[in-house]
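Q: Pasting the sequence and the predicted coordinates here, then a few questions.
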Amino acid sequence: MARLLVRGTDLVVRLSWWEKTAARHRDVRVPLTEVRRVGVERDWWRALRGVARRGVWISGALYVGTRRHHREDDFVALRTGGPVVCVELWPGSPWHLLAVSVADPEATARWLHDRAPHLDPRGRGRSEQAEVWDWVADRVTLWPSP
């Protein structure tokens, strides 16, 4: 399983040997200063944006590699069935989004959020809109109940 690490001033997506082979890519490294937002996407499939480019895509099981979305590249290392850590990067970075399945996504996202020096003050991640809609669904009744 892939891991998110901080090595010096870099964020590293550490891949296992078989993930490197599947993705046809080495460990992904970006400067921590490139991290714009960090969050947890509760539905793993929402992190899969755009079209698959290089990697292995086993429907309903495993997604490892590069995806192209609106002229930007995302790197994903996902296992299905659980939430994933999503790291959005500032424009100009080689990647737009890093999405990684980890053992404890909430704790990992908090840990990384505390270490990134140049976060966007307007938000904590991609799942904010989903949280707003969940709040609305919990509190708004569209049709009267009998």
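A: Perfect, I can see it now.
Q: Tell me where this protein is predicted with low confidence.
A: Low-confidence segments of the chain, defined by pLDDT under 70: 123-146.
Q: Mind jotting down where the strands sit in it?
A: Ranges of strands within the chain are 3-7, 10-14, 28-31, 35-41, 51-58, 62-69, 72-79, 84-89, 97-100, based on DSSP state E.
Q: excluding its backbone neighbours, what's nearest residue 112?
A: In this structure, residue 112 finds its nearest non-sequential neighbour in residue 38, 4.9 Å apart by C-beta to C-beta, 6 or more residues apart in numbering. Heads up, the C-betas are built off the backbone N, CA and C, glycines and all.
Q: my read: the one you found touches residue 109, true?
A: Yes - using C-beta atoms under 8 Å, residue 38 makes contact with residue 109 at a distance of 5.2 Å.
Q: neighbouring contacts of stretch 48-67?
A: Stretch 48-67 is contacted by residues 2, 15, 19, 22-25, 68-70, 73-80, 97, 99 when judged by C-beta atoms under 8 Å, 6 or more residues apart in numbering.
Q: Would you mark the buried spots in it?
A: With burial defined by 16 or more other C-beta atoms under 10 Å, the residues of stretch 48-67 counted as buried are 48-50, 55-56, 62-67.
Q: Same question for stretch 21-31.
A: Neighbour-count burial for stretch 21-31 [16+ other C-beta under 10 Å]: 22-23, 25, 28, 30-31.
Q: Throw those residues into JSON lines and include distance to residue 85, thanks.
A: Putting the buried residues of stretch 21-31 into JSON lines (distance: C-beta to C-beta, whole Å) gives the following:
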{"residue": "22", "distance to residue 85": "19"}
{"residue": "23", "distance to residue 85": "17"}
{"residue": "25", "distance to residue 85": "18"}
{"residue": "28", "distance to residue 85": "13"}
{"residue": "30", "distance to residue 85": "14"}
{"residue": "31", "distance to residue 85": "18"}
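Q: what about the residue lying closest to residue 76 once chain neighbours are set aside, how many residues close to it?
A: In this structure, residue 76 finds its nearest non-sequential neighbour in residue 99, 4.5 Å apart by C-beta to C-beta, 6+ apart. Neighbours of residue 99 under the rule other C-beta atoms under 10 Å: 25.
Q: All set, thanks.
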